[in-house]
Structure formats: structure tokens, C-alpha cells
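# predicted model and sequence follow; I will ask about them next.
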Amino acid sequence: MSIPQIDASRSEVVSTRVHHLQFINSRLSQRALALRLGSPATSLSNKITGRTAWNLDELFVLCEVFDVSADYLLGRSPIDSAKPNP
């Protein structure tokens, strides 16, 4: 059984949110985030640029890493509601 993928339009929203979270948490490199996700940095780059879709497991990890809700990642909360991690 494969891990469900997020549809394309939602995946774009998630990518935008992750990019914003990386910006406000500049201490967390893309390489470090990729390690937390258990994937190569090139795979993370492809997800952020919209070439490939996010899966549910990755959403859970992103929520934990950035201390945000799934609603935030899916665009149901204002983008500026996320705060930098201490």
C-alpha cells in the first residue's frame, strides 16, 4: 500500500507554506530539513518547487518540525500566523 499523495493544488499551498517556514526559521537548512523528513535534499527541493507532491507522512513531520498545524500547511490559517521556532 502506497502513501497517499496530496492533490496538486494543495501540494502547491504546502510548498508555499514550507518555503515561508524555511524563511522565518533560517537556522534550519534545506539539508537539515531533508534529513528530518528522511529524504535527500534534491527530493525536498523538488517538492518545494512543485515538481513532486508531498505525502501525508511528510506533512506530519513538517507539522512537528515547524510546530504548526496541518490546517496551516494546507492553507486554512493565515500564512503570517506561523512564528519562528526558538
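It's in.
# show me the residue at the heart of the chain, geometrically.
residue 18 (3.9 Å; Cα atoms, centre = their mean).
# now do the buried residues in the helix or strand of the chain with the lowest mean pLDDT.
Least confident helix or strand of the chain, by mean pLDDT, DSSP states H and E, is helix 8-24 with a mean of 89. For helix 8-24, the neighbour count (16 or more other Cβ atoms under 10 Å) marks 10-11, 13-15, 17-18, 21-22 as buried. Every C-beta, even on glycine, is put in place using the N, C-alpha and C of the backbone.
# give me the contact list for stretch 59-74.
When contacts are defined by Cβ atoms under 8 Å, 6 or more residues apart in numbering, stretch 59-74 is touched by residues 6, 10, 13-14, 17-18, 21, 25, 28, 33, 36-38, 54, 77, 81-82, 85.
# so how far does it reach from one end to the other?
Start and end residues of stretch 59-74 are separated by 9 Å (Cα to Cα, to the nearest Å).
# swap in stretch 36-52?
Terminal-residue distance, stretch 36-52 (Cα to Cα): 18 Å.
# buried residues, it. List them.
Applying 16+ other Cβ under 10 Å to stretch 36-52 flags 37, 44, 47-48 as buried.
# could I get those residues as JSON lines with distance to residue 66?
Formatted as JSON lines, the buried residues of stretch 36-52 follow (distance: Cβ to Cβ, whole Å):
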{"residue": "37", "distance to residue 66": "12"}
{"residue": "44", "distance to residue 66": "14"}
{"residue": "47", "distance to residue 66": "14"}
{"residue": "48", "distance to residue 66": "13"}
